[in-house]
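**Student:** Quick one, what's the 3D model for this:
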Amino acid sequence: MALADTIKQLNEIDFNDIDFTRIGVWPLSGRIAVLVLSAALVIGAGYYFLIKDIYSKFEFSVNKESDLFSQFEKKQFEAANLEAYRAQLFEMEETFGALLKQLPKDTEVPGLLEDIDEFGSGSGLTINKVELEQERVGEFYVELPIRIEVQGSYHEFGAFVSGIAGMPRIVTLHDFDVSTERGDGGLLNMIINAKTYRYKGQGEEG
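**Tutor:** The predicted model follows:
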């Protein structure tokens, strides 16, 4: 009840008529109200100017600690698996070297075209064209497009594609176009865009 009376008296006060020089003779409820108000102002100002800034720095430090701990765990894991990474790197270098050996050199490309021609003839196909087109230079390799036009049956096409897939050199097949024409005795025409690759040497730009 005393607190309620104090609040009621505060609501009835006209602060313009207050004489703060005579605070010593104020009623007890008034002095308590001023004390509470002053304490609230001091606490609010202290929080705003001191505690809030310290709390922000504390939050920043906590987040930074979490990031550093994550980095430490990652580096600790990498250090613990360093030998395994070295073994994987060595294996990748060997695999990459083996793949490079499968890429034809400039002097081997004509022989590669002859091999494709022989695979087609051996599969029973009629070879209309095996032609090397304009090469395309990429970031790490040079792409050599080859246009292949043949005529034959589905089974002969399958044998031809299987033969190319089994070649020791890397040759990929793209954009199959199979069509039929009247008067060809049921034979089919097939156009394939094949691609082989070679490692880009120094001085070549894409």
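**Student:** what's the helix or strand for the residue lying closest to S179 once chain neighbours are set aside?
**Tutor:** Closest residue to S179 apart from its sequence neighbours, by C-beta to C-beta, 6 or more residues apart in numbering: N189 at 5.1 Å. C-betas here are computed from N, CA, C, even on glycine. Take DSSP states H and E as the rule and N189 turns out to sit in strand 188-199.
**Student:** Tell me the buried residues in that strand?
**Tutor:** Within strand 188-199, the residues that qualify as buried are 188-190, 192, 194-198, counting by 16 or more other C-beta atoms under 10 Å.
**Student:** Show me what it is packed against.
**Tutor:** Where contact means 3 or more C-beta pairs under 8 Å, 6 or more residues apart in numbering; DSSP states H and E, strand 188-199 is packed against helix 109-122, strand 141-152, helix 154-165, strand 171-180.
**Student:** run the last query once more with 10 Å
**Tutor:** Applying 3 or more C-beta pairs under 10 Å, 6 or more residues apart in numbering; DSSP states H and E, one finds that strand 188-199 makes contact with helix 82-101, helix 109-122, strand 126-132, strand 141-152, helix 154-165, strand 171-180.
**Student:** highest average neighbour count across these?
**Tutor:** Counting by mean count of other C-beta atoms under 10 Å, strand 141-152 has the highest mean neighbour count of the helices and strands packed on strand 188-199, with a mean of 18.
**Student:** re earlier: return the distance of the strand holding N189 from the chain's centre.
**Tutor:** 31 Å (C-alpha atoms, centre = their mean, to the nearest Å).
**Student:** Equivalent analysis for stretch 161-170, please.
**Tutor:** Relative to the centre of its chain, stretch 161-170 is centred 33 Å away, using C-alpha atoms, centre = their mean.
**Student:** now swap in stretch 180-197 and tell me
**Tutor:** Per C-alpha atoms, centre = their mean, the displacement of stretch 180-197 from the mean C-alpha position of its chain is 40 Å.
**Student:** tell me the domain boundaries of this protein?
**Tutor:** 1-80, 105-199 (automatic domain parsing).
**Student:** Show me what the longest helix along the chain is packed up against.
**Tutor:** Determined from DSSP state H, the single longest helix within the chain is helix 52-80. Applying 3+ C-beta pairs under 10 Å, 6+ apart, one finds that helix 52-80 contacts helix 82-101.
**Student:** The helix it packs on to strand 188-199, inter-axis angle?
**Tutor:** Interaxial angle of helix 82-101 relative to strand 188-199 (axes from the mean of the first three to the mean of the last three C-alpha atoms, to 10 degrees): 130 degrees.
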